[in-house]
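Chemist: how would this look folded up:
(one chain, ligands or ions: 1)
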Amino acid sequence: MDDKQKLRILSRLAAFERDESLDLESCIYMASTPKGRLPILKVMQSTMCDKNCLYCAFRRDREETPRLYISPEALAKGFMELYKSGKVKGIFLSSGIFGHPEFTMEKLVDTAKILREKYKYRDYIHLKLMPGVSLQTVEEAIKVANRVSINIETSKEERLQRIAKGKSILRDMLPKMEHISRLLENYRGKSQITQMMVGLEDEKDEEIIKVVDFLNRRFKVSRVYFSAFFPIKGTPLENRPAESPKREHRLYQVDFLIREYGFDFEELRPILKDGNLPLDVDPKTAWAEANFHIFPVELNTADYWTLIRVPGIGKETAKEIIRRRKEKKLTSPEDLKGIKNLRKILRYSTLQGRYYVKDV
Ligand code: SF4
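Modeler: Residues are numbered from 1 along each chain as shown. Now for the predicted structure:
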């Protein structure tokens with residue numbers, strides 16, 4: 001098999017694509033990066049893995065997974081061909097763990113170094129960090145990457161021990177994330193993110209939101225990605241039902257409220273029902289309904305942070321309302337013409353003390 005074929009298959013597998021006929025370009029996906037949404041090639045250095053995580057397509061005991069490895073030189077060269085053609089603007093490099101995690105991680109870092117040094121590549125690199133890797137290699141990764149990630153996978157140590165034996169949130173991941181957050185203070189524009197699987201066990205959203213809140217505050221993790229569990233044939237969890245994508249979506253909305261709107265876990269606790277987010281209403285609306293004593297908010301006087309807590313008002317809308325009210329007092333819905341979600345906003349707000357929702 002030549003290097004091009006390998007790269008195609010490693011990208012396809014990284015995207016969990018089972019369609020053998022897919023070419024490399026079909027494996028490019030749009031990703032949110034610190035530089036905005038970019039077409040990214042997600043690719044694995046190797047699909048070999050010594051670990052046996054219950055949910056994973058690359059677990060050691062899964063016979064169906066093709067086992068491949070591509071050298072740092074070949075991967076960098078193949079990626080640069082795609083990059084020069086203008087089809088991708090970045091790379092997300094991951095891998096199964098083969099041999100010692102340190103050995104695997106060195107291969108990923110070598111690939112990134114070849115891109116930076118030999119090909120003078122200056123665009124986006126996201127490196128996944130292997131659990132168990134040394135702090136020294138973590139720092140090497142940060143030097144060459146724009147973004148690094150450690151996948152925390154689940155909400156509690158004992159859960160991780162059951163589903164991914166040998167990994168540890170408390171002994172490995174959290175200390176490493178703390179170290180990364182300290183290092184990142186010296187690297188402007190670089191960030192760390194993490195990922196959690198949802199629905200691997202019977203974990204509640206409450207547990208997940210607590211972790212998101214903690215990671216955000218303590219380590220300034222710039223984003224928590226969620227992945228709704230889907231069963232993979234040939235793994236011990238192949239018969240477990242897939243998790244609803246709607247649950248994943250609601251958790252993304254909560255992450256956004258914590259990260260961008262200043263909410264914390266205690267404020268969100270009242271919207272949980274039996275420890276889970278309601279699926280039929282977005283969390284910000286659910287929070288407003290649970291805190292009706294705070295509403296309606298007067299749009300002429302509320303500060304920015306109060307405005308963005310009004311359902312229907314995002315950051316841009318809050319700025320626009322402040323801009324308009326500086327020009328003149330907002331006295332009727334006419335003064336908010338062109339503002340999105342107006343009916344929803346007026347359900348939770350007043351203009352000069354008057355409640356207008358019925359008039360819109
Ligand atoms: S270490 Fe990573 S690649 Fe290996 S089995 Fe676990 S989740 Fe999969």
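Chemist: near the ligand, which residues of this structure?
Modeler: Contact residues, the chain versus the ligand (CB under 6 Å from any ligand atom): 49, 51, 53, 56, 58-59, 96-97, 164. Heads up, the C-betas are built off the backbone N, CA and C, glycines and all.
Chemist: go again with 5 Å.
Modeler: 49, 51, 53, 56, 58-59, 96-97 (CB under 5 Å from any ligand atom).
Chemist: present the residues you listed as a markdown table; the columns should include secondary structure and pLDDT.
Modeler: Converted to a markdown table, these look like this (DSSP: H, G, I helix; E, B strand; the rest coil; pLDDT from 0 to 100):
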| residue | secondary structure | pLDDT |
| --- | --- | --- |
| 49 | coil | 96 |
| 51 | coil | 95 |
| 53 | coil | 96 |
| 56 | coil | 94 |
| 58 | coil | 94 |
| 59 | coil | 96 |
| 96 | coil | 96 |
| 97 | coil | 95 |
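Chemist: ok, the residue lying closest to residue 308 once chain neighbours are set aside - how many residues close by?
Modeler: Closest residue in space to residue 308, ignoring its immediate chain neighbours: residue 318 at 4.8 Å, by CB to CB, 6 or more residues apart in numbering. Neighbours of residue 318 under the rule other CB atoms under 10 Å: 20.
Chemist: ok, now residue 310?
Modeler: Residue 310: 26 neighbours (other CB under 10 Å).
Chemist: and if you look at residue 208?
Modeler: Residue 208 - counted by other CB under 10 Å - has 25 other residues nearby.
Chemist: what do you get for the one 4 residues further on?
Modeler: With neighbours defined by other CB under 10 Å, the count for residue 212 comes to 27.
Chemist: next SSE downstream of the helix or strand harbouring it?
Modeler: Assigned by DSSP states H and E, residue 212 falls within helix 205-219. Counting by DSSP H and E, the element after helix 205-219 in chain order, helix or strand, is strand 223-228.
Chemist: elements contacting the very next helix or strand once past that following strand?
Modeler: Using DSSP H and E, the helix or strand that follows strand 223-228 in sequence is helix 245-261. Counting contacts by 3 or more CB pairs under 8 Å, 6 or more residues apart in numbering; DSSP states H and E, helix 245-261 packs against strand 191-198, helix 205-219, strand 223-228, helix 265-268, helix 283-290.
Chemist: helices of this structure, residue ranges please.
Modeler: Under the criterion DSSP state H, helices of the chain are mapped to 3-14, 72-84, 101-113, 135-144, 157-163, 174-184, 205-219, 245-261, 265-268, 283-290, 304-307, 315-327, 342-347.
Chemist: what number of residues lie near whatever residue of the stretch 201-350 of the chain ends up closest to the ligand?
Modeler: Of all residues in the stretch 201-350 of the chain, residue 235 sits closest to the ligand, at 9.3 Å by CB to the nearest ligand atom. Residues lying near residue 235 (other CB under 10 Å) number 21.
Chemist: do residue 222 as well
Modeler: 18.
Chemist: how about residue 285?
Modeler: Residue 285 has 17 nearby residues by other CB under 10 Å.
Chemist: domains for the chain, by residue range?
Modeler: 3-271, 295-359 (automatic domain parsing).
Chemist: quick check: end-to-end length of the longest one?
Modeler: As for domain 3-271, its first-to-last residue distance stands at 52 Å under the measure CA to CA, to the nearest Å.
Chemist: from the chain's centre, how far out does it sit?
Modeler: Between the centre of domain 3-271 and the centre of its chain there are 9 Å (CA atoms, centre = their mean, to the nearest Å).
Chemist: and the residue of the stretch 101-250 of the chain closest to the ligand?
Modeler: Counting by CB to the nearest ligand atom, the stretch 101-250 of the chain gets nearest the ligand through residue 164, at 5.6 Å.
Chemist: so what's residue 197 up against?
Modeler: 55, 153-154, 226-227, 229 (CB atoms under 8 Å, 6 or more residues apart in numbering).
Chemist: got those residues as CSV, with pLDDT columns?
Modeler: Listed next are these as CSV, based on pLDDT from 0 to 100:
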residue, pLDDT
55, 94
153, 95
154, 96
226, 96
227, 95
229, 96
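Chemist: which one of these sits in the busiest neighbourhood?
Modeler: residue 154 (25 neighbours).
Chemist: so it sits against residue 163, correct?
Modeler: Yes: using CB atoms under 8 Å, residue 154 makes contact with residue 163 at a distance of 6.6 Å.
Chemist: who touches both of the two?
Modeler: Common neighbours of residue 154 and residue 163 (CB under 8 Å, 6+ apart) are 200-201.
Chemist: take the helices of the chain and lay them out in CSV including mean pLDDT.
Modeler: Listed next are the helices of the chain as CSV, based on pLDDT from 0 to 100:
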stretch, mean pLDDT
helix 3-14, 79
helix 72-84, 95
helix 101-113, 97
helix 135-144, 96
helix 157-163, 96
helix 174-184, 96
helix 205-219, 96
helix 245-261, 96
helix 265-268, 95
helix 283-290, 96
helix 304-307, 96
helix 315-327, 97
helix 342-347, 95
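Chemist: re the thing from before, which of the helices and strands packed on helix 245-261 sits most buried?
Modeler: strand 191-198 (a mean of 21; mean count of other CB atoms under 10 Å).
Chemist: and that strand, what's its mean pLDDT?
Modeler: Across strand 191-198, the average pLDDT comes to 96.
Chemist: before we move on, the earlier item: can you pull the contacts of the residue nearest to residue 308?
Modeler: Per CB under 8 Å, 6+ apart, neighbours of residue 318: 304, 307-308.
Chemist: just the buried subset of the residues you listed, please.
Modeler: 307-308 (16 or more other CB atoms under 10 Å).
Chemist: from the contacts of residue 318, which is closest to residue 121?
Modeler: Proximity of those to residue 121 (CB to CB) peaks at residue 308, which lies at 37.8 Å.
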